[in-house]
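> Next input, structure requested:
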Amino acid sequence: MKAVSEMVRVTKKGGLVVATDTDDGPLFVYPESPKTMEILDKLGEYARRNNVNRFIGRELYWIFYQAGLTSINIYPLPFFGVKGDREAYQRTSSVLYGMLDSVKDSLVSDGAVSDKDYIEMHAEAERNMEHPGSIIFGSMFTAVGKVE
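All right, here's what the predicted structure looks like:
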């Protein structure tokens, strides 16, 4: 909320404020990736302990509304990749695993996971990419609001 309020403060009247964020709710990987799911679970525990909202994407409309923005539009952006489209699969995989890598140091220093866990997760992801029915799916939300 603070970030959006600051964006509103520095935006001229009639200007637009835009924000995009992920939402972990509809995230899935097939075939099931036990190590990835374990690390996501640990991330969830870490997030709860540190007041981090992993589901903020679905709250963007409300956050924009509370910040006084008008003409608010929300654009859900699903992202997915399947075995048959290696480029899309790698792009989607980079979103998921990039996010997990971005919190690695915090999770390791918190004792939630180890460096070995991350190595195993990436090896598992590479193996999954070769499965003929592999798919990764997730979502992001973009919010656009007008400053009055």
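> Report the central residue of this protein.
residue 22 (3.4 Å; Cα atoms, centre = their mean).
> Confirm for me that that residue is in contact with residue 100.
No. The pair residue 22 / residue 100 is not scored as a contact, 11.6 Å apart, by Cβ atoms under 8 Å. To be clear about C-beta, it is placed using only N, CA and C from the backbone, and glycine gets the same treatment.
> ok, residue 31 - contacts?
For residue 31, the contacting residues are 128, 131, 133-134, by Cβ atoms under 8 Å, 6 or more residues apart in numbering.
> just to revisit the earlier point, surely the residue nearest to the centre of the chain forms part of a strand?
Yes. Per DSSP: H, G, I helix; E, B strand; the rest coil, residue 22 lies within a strand segment.
> so after the helix-or-strand element of the chain with minimal mean pLDDT, what's the next helix or strand?
Within the chain, no helix or strand scores below helix 86-102, which has a mean of 84 by mean pLDDT, DSSP states H and E. Next helix or strand after helix 86-102 toward the C-terminus (DSSP states H and E): helix 104-109.
> ok, which stretches of this structure are helices?
Under the criterion DSSP state H, the chain contains helices at 2-10, 34-49, 60-66, 86-102, 104-109, 115-129.
> Could you dump those into CSV and include distance to residue 145?
Formatted as CSV, those follow (distance: least, Cβ to Cβ, whole Å):
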stretch, distance to residue 145
helix 2-10, 8
helix 34-49, 26
helix 60-66, 4
helix 86-102, 24
helix 104-109, 30
helix 115-129, 36
